[in-house]
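S.K.: One predicted model, sequence on top.
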Amino acid sequence: MRVLTKDEFKIEKMRFFEAIVKGVIFIYPTDTIYGIGCDATNSDAVKKIRDLKKRPKNPFSVIAPSREWIEENCIVEGNAKDWLDKLPGPYTLILRLKNKGSVAPEVIPDTDCIGVRIPNHWFSAVVRMLDTPIVTTSVNEAGKRFMTSIEDMDPDMQPFIDFMIDEGEKQGRPSDVIHLTGEDVLIRDRQSDKNFDDLKKI
């Protein structure tokens with residue numbers, strides 16, 4: 001696994017863009033915590049992340065290239081329009097996917113809903129330049145603590161990672177999950193162990 005700074009990544013970005021399109025797995029910083037990702041349209045790459053996380057079925061979220069991508073590929077109506085205006089930010093919006101071909105089927109098995117993010121972070125500009133959604137999920141096996149620095153990376157994962165953009169220790173927490181697929185807005189505050197609550201009660 002090659003470890004890069006932000007500046008090193010930007011200098012060689014075209015090389016890494018080509019590698020991402022070919023299906024490599026990589027770790028990147030966001031406005032919350034580190035994510036492990038790949039090209040979300042590449043079925044083989046998504047399967048590799050599922051194997052690493054030991055997460056066979058639960059849907060993954062993606063970092064969207066833009067708000068326009070979200071509007072083009074997801075159903076955005078009612079309260080969802082207001083939440084879309086909050087992006088970029090530390091939120092994962094759960095929406096119904098209207099263009100099933102916009103991500104590999106392995107991203108959201110057994111559902112027509114997808115989580116979309118646009119982090120308030122320079123890495124979002126990278127995804128915009130790639131013009132393809134990137135899988136975004138925490139760097140850990142299902143049920144284990146998420147990674148906040150390279151020092152606490154799961155050693156079993158490391159051999160399968162092509163590169164990591166290291167930004168030092170992240171002091172954030174996973175993004176709040178906003179469910180926007182029904183009449184009511186449901187929020188999961190990832191900092192607590194709350195169940196989903198109506199937005200008006202948060």
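M.R.: Received, thanks. Numbers count the residues shown, from 1 in each chain.

S.K.: how near is G23 to I150?
M.R.: Summarising the geometry, the distance separating G23 from I150, computed by Cβ to Cβ, to the nearest Å, is 23 Å. In short, each C-beta sits where N, CA and C put it, glycine included.

S.K.: and if you look at F17?
M.R.: F17 is 22 Å from I150, where distance means Cβ to Cβ.

S.K.: Next up, the contacts around the residue positioned nearest the centre of the chain.
M.R.: Compute the mean C-alpha point of the chain, and by Cα atoms, centre = their mean the closest residue is T136, 1.9 Å away. The neighbours of T136, taking Cβ atoms under 8 Å, 6 or more residues apart in numbering as the test, are 30, 35, 37, 60-63, 117.

S.K.: And for S61?
M.R.: Listed by Cβ under 8 Å, 6+ apart, the contact set of S61 reads 92, 114-117, 135-137.

S.K.: Kindly recompute the last result at 6 Å.
M.R.: The neighbourhood of S61, defined by Cβ atoms under 6 Å, 6 or more residues apart in numbering, consists of 92, 115, 117, 136.

S.K.: out of these, which one sits closest to N73?
M.R.: Distance from N73 was checked for each of these by Cβ to Cβ. The minimum falls on G115, at 12.8 Å.

S.K.: beta partners for the closest residue to F123 other than its chain neighbours?
M.R.: For F123, the nearest residue in space outside its immediate sequence neighbours is Y28; the separation is 5.3 Å by Cβ to Cβ, 6 or more residues apart in numbering. When assigned by DSSP bridges, Y28 has beta-bridge partners G35.

S.K.: Around Y28, how many other residues sit close by?
M.R.: Burial measure for Y28: 24 neighbouring residues, criterion other Cβ atoms under 10 Å.

S.K.: Surely it and I165 touch.
M.R.: Yes: judged on Cβ atoms under 6 Å, Y28 makes contact with I165 at a distance of 5.0 Å.

S.K.: next one: the helix or strand where T136 lies to chain centre, how far?
M.R.: According to DSSP states H and E, T136 maps onto strand 134-138. Relative to the chain's own centre, strand 134-138 is displaced by 3 Å; criterion: Cα atoms, centre = their mean, to the nearest Å.

S.K.: With stretch 22-31 instead?
M.R.: In this view, stretch 22-31 has its centroid 9 Å away from the chain centroid, taken as Cα atoms, centre = their mean.

S.K.: gap between the two ends of that stretch?
M.R.: The stretch stretch 22-31 measures 26 Å between its terminal residues, going by Cα to Cα, to the nearest Å.

S.K.: Need the contact partners of that stretch.
M.R.: Judged by Cβ under 6 Å, 6+ apart, the contacts made with stretch 22-31 from elsewhere in the structure are 34-36, 38, 42, 44-45, 48, 90, 119-121, 123, 139, 161-165, 167.
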